[in-house]
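Colleague: whatever this is, show me its structure:
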Amino acid sequence: MQKVKLGIIGLGCRGYSLIETILATGKAEIVALSDLYEDRRDAALQRITELGGDEPAVYADYHGMLADDNVDCVFIAASWDEHIRMALESMEAKKITALEVGGVYDVQECWELVETYERTGTPIMMMENCCYGEFEMLCENLVRAGKLGTVVHCHGAYGHDLRDEVLGGNVNRHYRLKNYIHRNCENYPTHELGPIARILNINRGNRMVSLVSVASKAVGLEEFSYSEKNLDKSLIGQKFAQGDIVNTIITCEGGETISLRLDTTLPRYYSREFIVRGTKGLCNGEANMIFLEEDVNEHEFFDAHLTLKKHMDNVSDYDAYRADMWKKITEKERNVGHGGMDFLLFDKFFSAIEEGKEMPIDVYDTAAWMCISALSAQSIAHGGMPVAVPDFTRGKWMQRKPVLLE
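Modeller: Model (predicted):
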């Protein structure tokens, strides 16, 4: 079986860390690297050779990679503001494109992504690893089996204390800093929205119709700038546009609602707060709990927090609904990124290429999920005004069938 010949654009924290994951799949070889910074290129080159890979071509300018006939697939892990432009150029160059997560700055970018795909036919996939989370996939299977009844509402969050990372932007050459200074929006929506969109069959029998977003005041980063934990003293007293808490509510064609929360600039623990509410039960990722009406009697409802926990430690109760890939995953595969999610994501991406199958997360998903950032900025700027979510499928959502993450 011939391996996919992959090039990586962007060798910061995410791009560099995924080198081992990509090679661990055994389905790809990294034949090209590109980054603006020489030290990052050198570190990535060394890492590949340490892991037993052949020495790849190295480019300061990614256009050299796009012109390289030895590269048939490109993974884009550059800064948020470069994602769409690079993806468009990659598709135009007929390179199968893997796009790291983020949110767009203008909805027109999403239309350009869709139109370029439809014109060139170049496969593209958003690399949203949370769609391959063990709990999220278990809940999706429970929903599809009817165990939760009719789904009414879903909730997700990106709860992650990023104060040191954001304020370290100048030191670490990280793009988040300028975004937090100048933007106020749901800037990172896909971790929470991706698994929810799959459960609600968005773009495949259902669609997001409109949203409203509101943001709290922005004080968390400014206060943190005065602390000893701030390594960049030039940012002491810096003002930020990004609200500390952003709440977004999305309505769907099928009548469901989705709530999203961005929470990255105040002290907190990490959580995606994944919740699915149905007429026969609920899934709660933060509590690692599944609550099914069929499992309890009338009296137990009043003591749900004590008697109705179904933890993943007792997974045998739900083994029939676990994704096969999580039953088969090895310890080594779990240890090469986010508990196994990264491995499964890239493994399935490369399998789709090998088998000529539809991408599990396609261009219409990519556009619909990424547009939330730009739309939320509009809504926040107008005091929580409702904003329409475009139909990037142009009506095809009514005929498209759900795709299982096999």
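
Colleague: where does the stretch 151-300 of the chain dip in pLDDT?
Modeller: Scanning the stretch 151-300 of the chain for pLDDT under 70 picks out the ranges 296-300.

Colleague: mind redoing it with 80?
Modeller: Within the stretch 151-300 of the chain, the segments meeting pLDDT under 80 span 294-300.

Colleague: so which residues of it form strands?
Modeller: Counting by DSSP state E, counting those that start in this stretch, the stretch 151-300 of the chain has strands at residues 151-159, 208-215, 245-252, 257-263, 275-278, 281-284, 289-292.

Colleague: looking at the ones you listed, which is closest to Ile84?
Modeller: The closest approach between Ile84 and any of those, judged by Cβ to Cβ, belongs to strand 208-215 at 19.2 Å. Every residue, glycine included, has its C-beta placed from N, CA and C.

Colleague: adjacent strands (with direction) for the closest one?
Modeller: Using DSSP bridges, strand 208-215 pairs in its sheet with strand 245-252 (antiparallel), strand 387-388 (antiparallel).

Colleague: show me what contacts the residue nearest to Glu358 when sequence neighbours are not counted?
Modeller: Sequence neighbours aside, Val403 is the residue nearest to Glu358 in space, at 6.4 Å (criterion: Cβ to Cβ, 6 or more residues apart in numbering). Counting by Cβ atoms under 8 Å, 6 or more residues apart in numbering, Val403 touches 204, 358, 360.

Colleague: Ile48 now?
Modeller: Ile48 makes contact with 19, 23, 30, 33, 54-56 under the criterion Cβ under 8 Å, 6+ apart.

Colleague: could you do Met1 as well?
Modeller: By Cβ under 8 Å, 6+ apart, the contact list for Met1 reads 27, 354.

Colleague: pull the number of nearby residues for Gly356.
Modeller: Gly356 is flanked by 7 other residues according to other Cβ atoms under 10 Å.

Colleague: distance of it from Leu262?
Modeller: As for Gly356, its distance to Leu262 is 37 Å (criterion: Cβ to Cβ, to the nearest Å).

Colleague: likewise for Gly278?
Modeller: Note on Gly278: its distance to Leu262, by Cβ to Cβ, is 25 Å.

Colleague: what sits against the nearest residue to His155 once chain neighbours are set aside?
Modeller: Distances taken as Cβ to Cβ, 6+ apart put Ile275 closest to His155, at 4.2 Å, once the chain neighbours are dropped. For Ile275, the residues meeting the contact criterion (Cβ under 8 Å, 6+ apart) are 153-156, 282-286.

Colleague: report the contact partners of Leu292.
Modeller: For Leu292, the contacting residues are 147-148, 280-281, 310, taking Cβ under 8 Å, 6+ apart as the criterion.

Colleague: and those, which two are furthest apart?
Modeller: Greatest spatial distance in the contacts of Leu292: Lys280 and Lys310, 14.1 Å, computed using Cβ to Cβ.

Colleague: wait, Tyr158 touches Arg272, no?
Modeller: Yes - under the criterion of Cβ atoms under 8 Å, Tyr158 lies in contact with Arg272, with a separation of 6.7 Å.

Colleague: overlap in contacts, the two.
Modeller: With contacts defined as Cβ under 8 Å, 6+ apart, the residues shared by Tyr158 and Arg272 are 191-192.

Colleague: looking at these two, which one has more neighbours?
Modeller: It is Tyr158, of Tyr158 and Arg272, that has more neighbours when counted by other Cβ under 10 Å, with 24 against 21.

Colleague: quick check: the gap between the more buried one and Leu211.
Modeller: If you go by Cβ to Cβ, the gap between Tyr158 and Leu211 works out to 16 Å.

Colleague: same question, Ile9
Modeller: Noted for Ile9: a distance of 31 Å to Leu211, by Cβ to Cβ.

Colleague: which of the contacts of Leu292 tops the neighbour count?
Modeller: Highest neighbour count within the contacts of Leu292, by other Cβ under 10 Å: Leu148, with 24 neighbours.

Colleague: contacts only, for that one.
Modeller: Applying Cβ under 8 Å, 6+ apart to Leu148 gives the contacts 139, 142, 276-283, 292.

Colleague: do that again at 10 Å, thanks
Modeller: The contact partners of Leu148, by Cβ atoms under 10 Å, 6 or more residues apart in numbering, come to 139, 142, 199, 276-283, 290-293.

Colleague: what's the closest non-adjacent residue to it?
Modeller: Gly278 (3.2 Å).

Colleague: who does that neighbour form a beta bridge with?
Modeller: Per DSSP bridges, residues listed as beta-bridge partners of Gly278: Val151, Gly281.

Colleague: how close does it sit to Arg198?
Modeller: Taking Cβ to Cβ as the measure, Gly278 falls 15 Å from Arg198.

Colleague: higher neighbour count, these two?
Modeller: Each of Gly278 and Arg198 had its neighbours counted (other Cβ under 10 Å), and the higher figure belongs to Arg198 (26 against 23).

Colleague: tell me the contacts of that one?
Modeller: Under the criterion of Cβ under 10 Å, 6+ apart, the contact partners of Arg198 comprise 128, 131, 136-137, 139-140, 143-144, 204, 360-361, 365, 402-405.

Colleague: do that again at 7 Å, thanks
Modeller: Shown here is Arg198, whose contacts under the criterion Cβ atoms under 7 Å, 6 or more residues apart in numbering are 131, 140.

Colleague: now do the one 4 residues further on
Modeller: Ile202 is in contact with 208, 368, counting by Cβ under 7 Å, 6+ apart.

Colleague: let's have the contacts of Leu292 in a markdown table, adding distance to Tyr117.
Modeller: Rendered in a markdown table, the data for these read as follows (distance: Cβ to Cβ, whole Å):
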| residue | distance to Tyr117 |
| --- | --- |
| Lys147 | 35 |
| Leu148 | 33 |
| Lys280 | 38 |
| Gly281 | 38 |
| Lys310 | 41 |
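
Colleague: of all those, which comes closest to Ile250?
Modeller: Leu148 (19.2 Å).

Colleague: which residues in the stretch 51-200 of the chain form helices?
Modeller: Under the criterion DSSP state H, counting those that start in this stretch, the stretch 51-200 of the chain contains helices at 62-66, 83-92, 107-120, 134-144, 163-167, 169-172, 176-182, 190-199.

Colleague: residues contacting the fourth one, please?
Modeller: This points to helix 134-144. Where contact means Cβ under 7 Å, 6+ apart, the residues beyond helix 134-144 that reach it are 130, 148, 151, 195, 198-199, 274, 276, 283, 285, 288, 312, 318, 321-323, 326, 405.
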